[in-house]
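**Student:** Below are the sequence and a predicted model for it; my questions follow.
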Amino acid sequence: MNRDFSIFDGKDYTDRLAANREYLELINSAFGFDESGEDFARLLPKLFGQGCDGAMHTTFAVDSSNGAMAACAGRFPVDFCIGDKTVKAFGIGNVCARREFRNMGLMSAVMKASVSKMIEDGAVFSFLGGSRHRYSHFGFERAGVAYEFDLSEKTLDGLSKDVSRVFELKPLSTDDREAGLFIAENDRRRWRAKRNAENIFQVLSSWHAEPYVLYKSGMPLGWAVVQSGKKVTEIVSSDRPSLSAMLGLLGRLHSPLSVSAPEYDRDLFETLVPLAENWRTGAENCICVLNYKVLLSAMMDLKSGCTRLADGCLDVTVNGIARTENLRIEVENGKPRVTELANVASTLTLSHRDAMCLFFNRGLTLSRSIDPVPASWFPLPLYIGSPDDV
């Protein structure tokens with residue numbers, strides 16, 4: 001039986017409650033959650049919790065005969081503060097088609113429409129946690145730099161015994177507005193997602209995570225997020241000693257633990273390296289850059305704040321997903337600058353994929369074939385962090 005389908009933007013539904021009900025039913029069914037007992041409303045309260053409108057930020061393929069949702073791709077806005085710059089980004093998620101409509105090109109159609117919409121909306125980059133093989137067709141590539149440190153039960157037990165009684169770790173609750181406001185107003189990390197105090201709990205408790213707040217003599221000092229009782233995906237505090245105290249208190253509840261960390265968080269790194277049994281590094285997520293000039297500028301500034309950059313210059317033409325960019329990347333007296341020029345006599349022309357891999361991935365051999373000075377700048381420490389992933 002032949003079917004006709006059309007692409008429909010979720011913001012255009014007039015009945016918001018009905019649209020989100022059908023949306024939730026579609027993705028729970030397509031991902032097999034109706035059989036496994038999982039539920040996107042529990043898994044991602046930041047998208048489907050009370051007061052949320054996930055359908056608003058989703059592209060749908062709908063059956064033209066009855067308007068029923070057949071496939072979807074969510075594109076959820078997340079603005080990131082990178083140093084003193086704010087960049088517009090979107091997390092891609094909930095990409096699926098109903099089982100009876102698979103192998104008809106609907107997932108490709110909604111993904112292509114979503115990428116086009118993000119470009120139209122001025123996105124600097126997009127990220128997702130799915131398959132590299134599947135999403136490379138739409139410009140996504142494994143990128144960024146993440147470190148993961150393993151803390152043993154013995155180490156955590158030793159830390160726990162050393163924690164002063166002035167410290168206390170409490171679970172963050174959905175109605176603790178004061179703690180939520182503290183987290184929203186005291187996130188000083190040089191790379192961070194912009195979050196509202198009203199939805200802090202929904203964000204930090206997504207992906208079956210448990211958020212905690214650290215108190216010292218009754219005053220909030222920091223917070224941590226533990227996913228599935230095994231992995232610390234975010235840990236933030238105002239000073240290095242309190243990081244050790246928080247790890248010790250977390251170890252009383254969850255042990256052993258792994259801790260995910262970005263390389264530019266020096267306090268966290270210098271706390272974890274002496275404690276870890278082992279650590280490893282690799283690509284952090286699947287990323288698609290849509291504006292290289294803006295992201296490279298922000299990321300070069302970020303890296304220069306934690307690493308000494310050698311003076312040099314790289315002229316490059318990037319044939320990107322959104323457009324072609326002629327860029328000059330240079331460092332003078334340790335200060336980076338990225339400019340876009342009308343004409344660059346560049347000897348280096350990169351496809352979108354090669355640009356992604358050179359700038360944001362450790363694994364590409366291209367970095368060993370360019371001038372060693374600019375090669376030393378890369379990969380740039382792009383890091384999304386699990387609470388803000390989709």
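**Tutor:** Everything's here; your move. Numbering: from 1, shown residues only.
**Student:** pLDDT below threshold where in this structure?
**Tutor:** Applying pLDDT under 70 to the chain picks out residues 1-2, 344-346, 363-365, 367.
**Student:** what domains does the record give for it?
**Tutor:** Listed domain ranges for the chain are 5-123, 147-282, 289-375 (source: automatic domain parsing).
**Student:** right, so of the ones you listed, which gets closest to residue 137?
**Tutor:** Closest to residue 137 of the domains of the chain is domain 5-123 (C-beta to C-beta; 7.5 Å). C-beta: built from backbone N, CA, C; applies to glycine.
**Student:** Could you tell me the end-to-end distance of the closest one?
**Tutor:** The first residue of domain 5-123 is 27 Å away from its last residue (C-alpha to C-alpha, to the nearest Å).
**Student:** and what of stretch 92-103?
**Tutor:** End-to-end distance of stretch 92-103 (C-alpha to C-alpha): 21 Å.
**Student:** Give me the buried positions along it.
**Tutor:** Across stretch 92-103, burial judged by 16 or more other C-beta atoms under 10 Å covers 92-98, 101.
**Student:** Just name the closest of those to residue 116, please.
**Tutor:** Nearest to residue 116 among the buried residues of stretch 92-103 is residue 92, at 13.0 Å by C-beta to C-beta.
**Student:** How about the closest one, nearest residue that isn't a chain neighbour?
**Tutor:** Nearest non-adjacent residue to residue 92, counting by C-beta to C-beta, 6 or more residues apart in numbering: residue 128, 3.9 Å away.
**Student:** So which of the buried residues of stretch 92-103 sit within helices?
**Tutor:** Here DSSP state H is the test, and the buried residues of stretch 92-103 give no hits in helices at all.
**Student:** need those in CSV with distance to residue 308, can you?
**Tutor:** Formatted as CSV, the buried residues of stretch 92-103 follow (distance: C-beta to C-beta, whole Å):
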residue, distance to residue 308
92, 35
93, 37
94, 42
95, 41
96, 46
97, 49
98, 53
101, 54
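**Student:** for the stretch 1-150 of the chain, what spans make up the strands?
**Tutor:** 5-9, 58-63, 69-82, 85-97, 125-128, 141-143, 146-151 (DSSP state E, counting those that start in this stretch).
**Student:** Name every strand pairing with the longest one and say which way it goes.
**Tutor:** Neighbouring strands of strand 69-82 in its sheet, by DSSP bridges, are strand 58-63 (antiparallel), strand 85-97 (antiparallel), strand 191-193 (antiparallel).
**Student:** which stretch among these comes nearest residue 183?
**Tutor:** For residue 183, the closest of the strands paired with strand 69-82 is strand 191-193, at 10.7 Å, according to C-beta to C-beta.
**Student:** which strands and helices sit next to the helix or strand just after that closest one?
**Tutor:** Later in the chain than strand 191-193, the nearest helix or strand by DSSP states H and E is helix 200-204. Counting contacts by 3 or more C-beta pairs under 8 Å, 6 or more residues apart in numbering; DSSP states H and E, helix 200-204 packs against helix 45-48, helix 177-185, strand 209-216.
**Student:** Residue 201: neighbour count?
**Tutor:** Residue 201 has 22 neighbours, counted by other C-beta atoms under 10 Å.
**Student:** Does it touch residue 211 like I think?
**Tutor:** Yes: Residue 201 is within contact range of residue 211, at 6.9 Å (criterion: C-beta atoms under 8 Å).
**Student:** related to what we said a few turns ago, which of the buried residues of stretch 92-103 sits closest to residue 369?
**Tutor:** The closest of the buried residues of stretch 92-103 to residue 369 turns out to be residue 92 (C-beta to C-beta; 31.6 Å).
**Student:** Mutual contacts of residue 201 and residue 211, please.
**Tutor:** Applying C-beta atoms under 8 Å, 6 or more residues apart in numbering, one finds that residue 201 and residue 211 are jointly contacted by residue 172.
**Student:** re earlier: quick check, nearest of the buried residues of stretch 92-103 to residue 83?
**Tutor:** Nearest to residue 83 among those, counting by C-beta to C-beta, is residue 92 at 24.7 Å.
**Student:** who's in contact with the closest one?
**Tutor:** 73-76, 111, 114, 126-128, 130, 135, 140, 390.
**Student:** Put the buried members of these into a ChimeraX selection.
**Tutor:** Buried subset of the contacts of residue 92, written as a ChimeraX selection, criterion 16+ other C-beta under 10 Å:
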select :73,74,75,76,111,114,126,127,128,135,140,390
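**Student:** Would you mind pulling the contact partners of stretch 118-133?
**Tutor:** Under the contact criterion C-beta under 8 Å, 6+ apart, stretch 118-133 has outside partners 75, 87-93, 95, 115, 135, 140-142, 285-291, 294-295, 321-322, 384, 389-390.
**Student:** distance between that stretch and the chain's centre?
**Tutor:** Distance of stretch 118-133 from the chain centroid (C-alpha atoms, centre = their mean, to the nearest Å) equals 10 Å.
**Student:** For it, buried residues please.
**Tutor:** Neighbour-count burial for stretch 118-133 flags 118-119, 123-128 (criterion: 16+ other C-beta under 10 Å).
**Student:** Next: stretch 190-198.
**Tutor:** Residues of stretch 190-198 classed as buried by neighbour count (16+ other C-beta under 10 Å): 190-191, 193, 195.
**Student:** That one: how far from the chain's middle?
**Tutor:** On C-alpha atoms, centre = their mean, the centre of stretch 190-198 falls 12 Å from that of its chain.
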